[in-house]
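>>> Next come a sequence and a model predicted from it.
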Amino acid sequence: MLGLNDKELVRTGSFINGQWCDSEESFAVTNPANGDTLVLVANHGTEGAEKAVAAAHQAFKAWAAKSAGERATLMRKWYELMMQHQDDLGRLLTLEQGKPLAEARGEIAYGASYIEWFAEEAKRVYGDVIPAPSADKKVVVIKQPVGVVSAVTPWNFPNAMIARKAAAALAAGCTFVVKPAAETPLSALAMAELAKRAGIPDGVLNVITGKDSKAIGKVLTEDPRVRKFTFTGSTQVGKLLISQCASTVKKVSMELGGNAPFIVFDDADLDAAVKGLLASKFRNAGQTCVCANRIFVHQNVYKAFSEKLTAAVAELKIGDGLEQDTTIGPLISSDALNKVQGLISDSVSMGARVIAGGEPLNKELLFFNPTVLIDVTNDMPVASEEIFGPVVPLIAFDDEQQVIDMANDTDFGLAAYFYSRDVGRVWRVAEGLEYGMVGINEGAISNPAAPFGGVKQSGNGREGSRYGLDDYLECKYLCMGGI
Ligand code: SIN
């Protein structure tokens, strides 16, 4: 089915309490490269979501009671199965999401790496013994899983965004319910199939598929049995979900929108900066929260940089992700394509100039030509809004403090990047940027050992690293008296 070697990886029902659950209604999952329907998937709503939460609640005590080592053994098996099926999982991901096959296979390895990493790290969830203020007492801190965790995940990384939430949750001893994006449920369901094969007990991992995100989201954010809610998606939706979590005072972690500055100083290695920009900007056709959104280039190197960049962009190959040499796939929807087109036209009407691309590849499909814009200013729509498409707006600057101020002049604070070889400047700029993550002479910053997350309206909490595990643990203080 769908050209996969292991046909059982194509699942179409929600995965609740270890069972595949169909529904009376279904919805189509389509291939963004050509609009074809891939399969029909179960369309669950409130009732399905409640069943999934009940299953996770029921499974919690036994899962939390396992030792970290026992949980790690099962998670390690899950990781190995994901890597054994990397080709099939990558193909499924490309079919439903559109990114080039090499990137999709990379995402499977990236997602799986969180499962491997957190399984190991959970063995190192240490408590604390704190010197007490009086001799007859002991102050001890232990860490315990928060309980049932629910999650809503996006279409841009259908595997990795689930893996890094589920892995931290399961490793900490929590049980998990996820609602994947309706555009890309197949990767989530394939992950659940492999979790089942790995022996992860029924109810520990649940996947609820459905079109009615509002109804499912309401259960996942308001049900009192859920103790933590985690979301990756837009800031606008994140704010609503945070407010829904308030009624039961859930722990929340949010990975929301970004507007990443990418700064090229005049002492930078320009070839390295072009390479880093391509890696950051064109990953997933520019549809990532961390991708460079505003490119600030010192005026002394503006012309040289824009020429090198345009030459590199001309080498990119746009097309169906399943084709061998494709480096840029389609956008996810016609709304996404129209938004990108609108941001370009509005900015051009304010004085920006297109020096590469600027248009969709054709009228029928969702491919947008990689685009470079010059003479952009920080107040134009391509700079003030998150583009989520393959567009590079170049903004000139001439002073270090000026560019830090421009970079910080946004409500967002997820990722920032800069290129410089001056060690003093590296520290000043790294400390001056109001962002959760900063790439210094590096365009690819994500990995499981590092704390991924933002400040300001880009969210709260961290994913990956020991900080990411802490988000799934409560710390409990034990005061022992009568010593
Ligand atoms: C995202 O854009 O949402 C995630 C990107 C990453 O994990 O690198």
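Perfect, thanks for sending it. No experiment lies behind these values; they were computed from the predicted model shown.

>>> use CA for all of it now, contacts and neighbours both
Noted.

>>> Are the helix or strand hosting residue 271 and the ligand in contact anywhere?
Assigned by DSSP states H and E, residue 271 falls within helix 270-281. No - applying CA under 6 Å from any ligand atom, one finds helix 270-281 out of contact with the ligand, separated by at least 9.1 Å.

>>> What are the buried residues along that helix?
For helix 270-281, a neighbour-count test (16 or more other CA atoms under 10 Å) marks 270, 273, 274, 276, 277, 278, 279, 280, 281 as buried.

>>> Would you mind pulling the contact partners of that helix?
For helix 270-281, the external contacting residues (CA atoms under 8 Å, 6 or more residues apart in numbering) are 262, 264, 286, 290-293, 305, 308-309, 312-313, 390-392, 419, 441-444.

>>> Buried among those? Need that as a selection in PyMOL.
Restricted to buried positions by 16+ other CA under 10 Å, the PyMOL selection for those reads:
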select buried, resi 262+264+286+290+291+292+293+305+309+313+390+391+392+419+441+442+443+444
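
>>> Show only the entries of the contacts of helix 270-281 found in strands.
262, 264, 292, 293, 391, 392, 419 (DSSP state E).

>>> so where's the stretch 351-483 of the chain shaky on pLDDT?
Applying pLDDT under 70 to the stretch 351-483 of the chain flags no residue at all.

>>> Helices of that one, residue ranges please.
Here the stretch 351-483 of the chain has its helices, by DSSP state H, counting those that start in this stretch, at 381-384, 400-408, 423-432, 465-470.

>>> tell me which residues of the longest one are tucked away?
Judged by neighbour count (16+ other CA under 10 Å), helix 423-432 contains these buried residues: 426, 429, 430.

>>> what's the neighbour count on residue 20?
Residues near residue 20, counting by other CA atoms under 10 Å, number 17.

>>> helix, strand or coil for the nearest residue to residue 365 once chain neighbours are set aside?
Leaving out its chain neighbours, the residue that sits closest to residue 365 by CA to CA, 6 or more residues apart in numbering is residue 34, at 6.7 Å. Put simply, residue 34 is coil when judged by DSSP: H, G, I helix; E, B strand; the rest coil.

>>> now the one 10 residues further on
Put simply, residue 44 is coil when judged by three-state DSSP.

>>> Also residue 181?
coil.

>>> I'd like to know how far it sits from residue 315.
32 Å (CA to CA, to the nearest Å).

>>> same thing with residue 82?
32 Å.

>>> hmm, who's touching stretch 17-28?
12-15, 37-44, 52, 55-56, 196, 201-206, 210-211.

>>> Would you mark the buried spots in stretch 473-483?
residue 473.

>>> export that stretch as CSV, just CAs?
Listed next in CSV are the C-alpha coordinates belonging to stretch 473-483 (Å, rounded to 0.1, in the frame of the first residue of the first chain):
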residue,chain,number,x,y,z
LEU,A,473,8.4,16.0,36.0
GLU,A,474,7.0,17.5,39.2
CYS,A,475,9.5,18.1,42.0
LYS,A,476,8.2,17.1,45.4
TYR,A,477,9.8,18.3,48.6
LEU,A,478,9.9,15.9,51.5
CYS,A,479,10.5,17.4,54.9
MET,A,480,11.7,14.6,57.3
GLY,A,481,11.5,15.5,61.0
GLY,A,482,12.3,13.9,64.3
ILE,A,483,15.8,12.9,63.3
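
>>> Name the residues that touch that stretch?
Contacts of stretch 473-483 (CA under 8 Å, 6+ apart): 135-146, 172.

>>> Now flag whichever of the residues you listed is closest to the ligand.
residue 172 (20.5 Å; CA to the nearest ligand atom).

>>> pretty sure that closest one contacts residue 145?
Yes - in this structure, residue 172 is within contact of residue 145 by CA atoms under 8 Å, at 5.5 Å.

>>> OK, contacts around residue 195?
Counted by CA under 8 Å, 6+ apart, residue 195 has contacts 78, 205.

>>> Figure out how far the helix or strand in which it is found is from the centre of its chain.
Assessed by DSSP H and E, residue 195 sits inside helix 185-198. When distances are taken as CA atoms, centre = their mean, to the nearest Å, helix 185-198 is centred 18 Å away from the chain's centroid.

>>> following it, which helix or strand shows up next?
That would be, after helix 185-198 and using DSSP H and E, strand 205-207.

>>> Find the nearest non-adjacent residue to residue 11, please.
Nearest to residue 11 is residue 189, by CA to CA, 6+ apart, at 5.8 Å.

>>> ok, the one you found to residue 162 distance?
11 Å.

>>> Can you redo the ones in strands among the contacts of helix 270-281 as TSV, where the extra columns are distance to the ligand?
What follows is the ones in strands among the contacts of helix 270-281, written out as TSV (distance: CA to the nearest ligand atom, whole Å):
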residue	distance to the ligand
262	15
264	21
292	11
293	12
391	16
392	17
419	19
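
>>> still on that earlier bit, tell me the buried residues within the contacts of stretch 17-28.
12-15, 38-39, 41-44, 52, 55-56, 196, 201-206, 210-211.

>>> For residue 347, which non-adjacent residue is closest in space?
In space, residue 347 is closest to residue 380, 5.4 Å off (CA to CA, 6+ apart).

>>> of residue 181 and residue 315, who's got more company?
residue 181 (21 against 9).

>>> Identify the residues contacting the residue nearest to the spatial centre of the chain.
Nearest residue to the geometric centre of the chain (CA atoms, centre = their mean): residue 161, 4.6 Å. By CA under 8 Å, 6+ apart, residue 161 lies in contact with 111, 153, 154, 232.

>>> Please identify which of those residues is nearest to the ligand.
Once CA to the nearest ligand atom is applied, the member of the contacts of residue 161 that ends up nearest the ligand is residue 232, at 6.5 Å.

>>> Let me know how buried the closest one is, in neighbour terms.
Neighbours around residue 232, by other CA under 10 Å: 24.

>>> leaving aside the residues next to it on the chain, what's closest to it?
Here the residue nearest residue 232, using CA to CA, 6+ apart, is residue 255, at 4.6 Å.

>>> Likewise for residue 430?
Leaving aside its sequence neighbours, residue 430 sits nearest to residue 438 (CA to CA, 6+ apart; 6.7 Å).

>>> beta partners of that neighbour?
residue 416 (DSSP bridges).

>>> thought it was touching residue 419?
No - judged on CA under 8 Å, residue 438 makes no contact with residue 419 at a distance of 10.7 Å.

>>> From residue 330, how far off is the residue nearest to residue 326 when sequence neighbours are not counted?
Leaving aside its sequence neighbours, residue 326 sits nearest to residue 317 (CA to CA, 6+ apart; 5.1 Å). Note on residue 317: its distance to residue 330, by CA to CA, is 11 Å.

>>> Who has more neighbours out of these two?
residue 330 (28 against 14).

>>> what's the spacing between the more buried one and residue 320?
7 Å.

>>> Determine the residues that are contacts of both of these two.
33, 98.

>>> Now do the buried residues in stretch 69-84.
71-83.

>>> In PDB, list the C-alpha atoms belonging to that stretch.
In PDB, the C-alpha atoms belonging to stretch 69-84 read as follows (Å, rounded to 0.1, in the frame of the first residue of the first chain):
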ATOM      1  CA  GLY A  69      15.500   1.200  32.900                       C
ATOM      2  CA  GLU A  70      12.400  -0.900  32.100                       C
ATOM      3  CA  ARG A  71      10.900   2.000  30.300                       C
ATOM      4  CA  ALA A  72      14.200   2.600  28.500                       C
ATOM      5  CA  THR A  73      14.300  -0.900  27.200                       C
ATOM      6  CA  LEU A  74      10.900  -0.600  25.600                       C
ATOM      7  CA  MET A  75      11.700   2.800  24.200                       C
ATOM      8  CA  ARG A  76      15.000   1.600  22.800                       C
ATOM      9  CA  LYS A  77      13.100  -1.100  20.900                       C
ATOM     10  CA  TRP A  78      10.700   1.600  19.600                       C
ATOM     11  CA  TYR A  79      13.700   3.600  18.500                       C
ATOM     12  CA  GLU A  80      15.300   0.600  16.700                       C
ATOM     13  CA  LEU A  81      12.000  -0.200  14.900                       C
ATOM     14  CA  MET A  82      11.700   3.400  13.700                       C
ATOM     15  CA  MET A  83      15.300   3.200  12.300                       C
ATOM     16  CA  GLN A  84      14.700  -0.200  10.700                       C
END
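
>>> This completes my enquiry, with thanks.
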